[in-house]
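# here is a sequence together with a model predicted from it:
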Amino acid sequence: MSKETLFALSLFPYLGFLWFATRSQQLPRLALFGFYGTLVFVAVTIPAGIYAQVHYGESLANVDWLHGSAEVFLTLSNILIVLGFRQALKQGVGSRESGVGEES
């Protein structure tokens, strides 16, 4: 199986994850945007890779300016995921602290 085929097939489980994560409404909203941003990264990387191959005769990894530009989307996605979960953890700790000492 070629790496391109494996890459294409890996999108289906990820799309399933996004569908379930969106439907469950359990993930922090900012983190969910980050996970969708990863999909944007994939959408940007594919044409960038084709452009690198057609115009430079190289893989995307060997065209620094193009590779770096595509990786910005992955970096932004990762930042959103981390900030989303960080915010959720802070809110969770805050809600537990406010409940300490209260009678049920």
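Yep, that arrived.
# could you use CA atoms for every contact and neighbour count after this?
OK.
# show the pLDDT at residue 6.
Note on residue 6: pLDDT of 87.
# what helix or strand does it sit in?
Per DSSP states H and E, residue 6 falls inside helix 3-24.
# residues contacting that helix, please?
Helix 3-24 is contacted from outside by 27, 32, 35, 36, using Cα atoms under 8 Å, 6 or more residues apart in numbering.
# run the last query once more with 7 Å
Here helix 3-24 makes contact (Cα atoms under 7 Å, 6 or more residues apart in numbering) with residue 27.
# ok, which stretches of the protein are helices?
Under the criterion DSSP state H, helices of the chain are mapped to 3-24, 29-51, 64-98.
# sketch out the low-pLDDT regions of this structure for me.
For the chain, applying pLDDT under 70 flags the ranges 93-104.
# count of residues packed around residue 39?
Residue 39: 19 surrounding residues under other Cα atoms under 10 Å.
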